[in-house]
Every structure is written in structure tokens, then in C-alpha cells.
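Participant: The sequence isn't on hand, but the structure is:
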């Protein structure tokens, strides 16, 4: 069997497993209700809780992950070595 067929079968199995598991979580644990409103809608103090478009939330989430990765990456080896590396980096 070629690698492409094995890959396609593997992706199909992953997709079906994901679909099955998400439906199981929805039905047995989470019980989502589209009628429920979020804290931003309920509280809406125009400072900490402000309703916004989901794409803006996605952008903020992505930028916070990407920003932390860039600032943390140079320090990752230093965390393993201890204080000497911290002093050299400054």
C-alpha cells in the first residue's frame, strides 16, 4: 500500500474519531445551549466585559500566543541552565 493511501486512511480515521468524540462531549458533558448569553453580554461594563466580533477574538488569541512564543524562545535554554545564563543574557 502506498504512503498516500495510508495517510488518507489515517486522516479519515482521525476525522471520524474527532467527530465522534466531539458529539459525545456535547451530548454527555457540555450540554451547549445557543440561547445562553456570554459574560460579555450579561455584564457589559464597557471596560472588562465588552461584546465583540469572534474574528477579533481569534486575532487577539493568535497574537498573544505568537507574541509569547517570540519573547520566550530565547529564554528556553536558559531555564534549564539556571541563573548563570540569565546573567549572560542581560
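Facilitator: Looks like it came in fine. None of the values given here were measured: they were computed from a predicted structure. Numbers count the residues shown, from 1 in each chain.

Participant: rest of the way, CA atoms for contacts and neighbours
Facilitator: Fine.

Participant: In this structure, what residue spans correspond to helices?
Facilitator: For the chain, the helices defined by DSSP state H occupy 3-25, 39-42, 54-72, 76-81, 83-89.

Participant: Mind telling me which of those helices the model trusts least?
Facilitator: If the helices of the chain are sorted by mean pLDDT, helix 83-89 sits at the bottom with a mean of 51.

Participant: How is this protein partitioned into domains?
Facilitator: 1-32, 51-90 (automatic domain parsing).

Participant: Report the distance from the shortest one to the chain centre.
Facilitator: Relative to the chain's own centre, domain 1-32 is displaced by 19 Å; criterion: C-alpha atoms, centre = their mean, to the nearest Å.

Participant: Give me the buried positions along it.
Facilitator: By 16 or more other C-alpha atoms under 10 Å, domain 1-32 has no buried positions at all.

Participant: Tell me, how many residues neighbour the nearest residue to residue 49 once chain neighbours are set aside?
Facilitator: Nearest residue to residue 49 in three dimensions, chain neighbours excluded: residue 40, at 4.4 Å (C-alpha to C-alpha, 6 or more residues apart in numbering). Counted with other C-alpha atoms under 10 Å, residues neighbouring residue 40 total 14.

Participant: Then the one 5 residues further on?
Facilitator: Neighbour count for residue 45, taken as other C-alpha under 10 Å: 11.
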